[in-house]
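In: Here's a sequence, model it:
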Amino acid sequence: LDKFHILQLFSRALNKTRINVMNRDKKNYNKLKKYWKLLLKDQTKLDYKNYKYHRCFKKHMCEVEILHYLIDLDSELKASYELYQYVQHCIKIKDFELLKKTLENKQNIVSSYMKTAIKTINKYINYVENTLKYDYNNGILEGINNKIKVIKRISFGYRSFYHFRNRIFITQNLAKIKTA
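Out: Down below sits the predicted model:
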């Protein structure tokens with residue numbers, strides 16, 4: 001578990017909640033579909049000042065007004081959005097106790113998808129505590145794995161594992177190319 005995957009778990013749950021509301025509310029379907037990124041955006045990075053014309057609303061609005069309109073459509077969506085923002089904040093400031101308290105308080109009013117995410121986090125609560133306590137993560141390892149997958153994809157398959165392994169070592173600067 002790392003911070004990225006914890007946030008990913010909750011953002012996917014929020015997205016599923018949004019899609020559920022979107023499918024129930026045909027009148028606001030396009031608005032919920034178009035502005036889904038605003039729900040996932042950090043509250044501190046929302047634009048309060050710049051007004052732009054939005055076709056879906058047929059008027060000038062800023063990001064905050066659009067967001068408030070969207071979360072006011074459904075109480076379950078609003079509670080799920082607030083929980084997502086609290087989790088994001090707790091991870092940002094690395095406060096495990098606040099995260100634990102937040103997850104306990106919000107459990108009954110959020111969507112079923114968020115409840116599942118909360119259950120998952122509670123199951124691995126000790127690992128979450130370590131994640132917030134220490135700065136270690138597996139980002140570098142995942143980057144190396146991604147490079148290996150790209151090499152595998154663009155090479156159309158190596159006949160020799162020896163050559164494939166050497167290509168990986170060369171791209172990672174772990175082996176030098178011998179020149180004659």
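
In: Distance of residue 122 relative to residue 64?
Out: Taking CB to CB, to the nearest Å as the measure, residue 122 falls 32 Å from residue 64. Placement of C-beta: from N, CA and C, glycine included.

In: oh sorry, the question was meant for residue 43
Out: 9 Å.

In: would you list every one of the strands in the chain?
Out: 52-54, 59-61 (DSSP state E).

In: Dump these to a markdown table, plus mean pLDDT.
Out: Output for the strands of the chain, formatted as a markdown table (pLDDT from 0 to 100):
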| stretch | mean pLDDT |
| --- | --- |
| strand 52-54 | 95 |
| strand 59-61 | 95 |
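
In: Indicate which one of the ones you listed is closest to residue 23.
Out: strand 52-54 (21.9 Å; CB to CB).

In: ok, and what's touching that closest one?
Out: 59, 60, 61, 62, 66 (CB atoms under 8 Å, 6 or more residues apart in numbering).

In: Quick one: residues contacting the third one.
Out: What that stands for is residue 61. Applying CB under 8 Å, 6+ apart, the residues contacting residue 61 are 51, 52, 54.

In: And residue 17, by the same measure?
Out: Contacts of residue 17 (CB under 8 Å, 6+ apart): 76, 77, 80, 110, 111, 113, 114.

In: Can you select the buried ones among the residues you listed for me in ChimeraX?
Out: Selecting only the buried entries of these in ChimeraX, with 16 or more other CB atoms under 10 Å as the criterion:
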select :76,77,80,110,111,113,114
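
In: Would you map out the domains in the chain?
Out: 3-133, 138-172 (the TED database).

In: Span of the longest one from start to end?
Out: Using CA to CA, to the nearest Å, the span of domain 3-133 from its first residue to its last is 11 Å.

In: Likewise for stretch 90-100?
Out: Termini of stretch 90-100 sit 9 Å apart (CA to CA).

In: For it, what is the distance to the chain centroid?
Out: Chain-centre distance of stretch 90-100: 16 Å, with CA atoms, centre = their mean, to the nearest Å.

In: mean confidence score for that stretch?
Out: For stretch 90-100, mean pLDDT rounds to 94.

In: Show me what the mean pLDDT comes to for the lengthiest helix in the chain.
Out: With secondary structure taken from DSSP state H, the chain has its longest helix at helix 3-24. Taken as a whole, helix 3-24 has a mean pLDDT of 96.

In: try stretch 147-162
Out: Averaged over stretch 147-162, pLDDT sits at 86.

In: tell me the contacts of residue 67?
Out: So residue 67 contacts 35, 38, 39, 46 (CB under 8 Å, 6+ apart).

In: Columns pLDDT and distance to residue 91 on top of the contacts of residue 17, output as JSON lines?
Out: JSON lines is the format used below for the contacts of residue 17 (pLDDT from 0 to 100; distance: CB to CB, whole Å):
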{"residue": "76", "pLDDT": "94", "distance to residue 91": "23"}
{"residue": "77", "pLDDT": "96", "distance to residue 91": "21"}
{"residue": "80", "pLDDT": "95", "distance to residue 91": "17"}
{"residue": "110", "pLDDT": "92", "distance to residue 91": "17"}
{"residue": "111", "pLDDT": "93", "distance to residue 91": "20"}
{"residue": "113", "pLDDT": "96", "distance to residue 91": "19"}
{"residue": "114", "pLDDT": "95", "distance to residue 91": "16"}
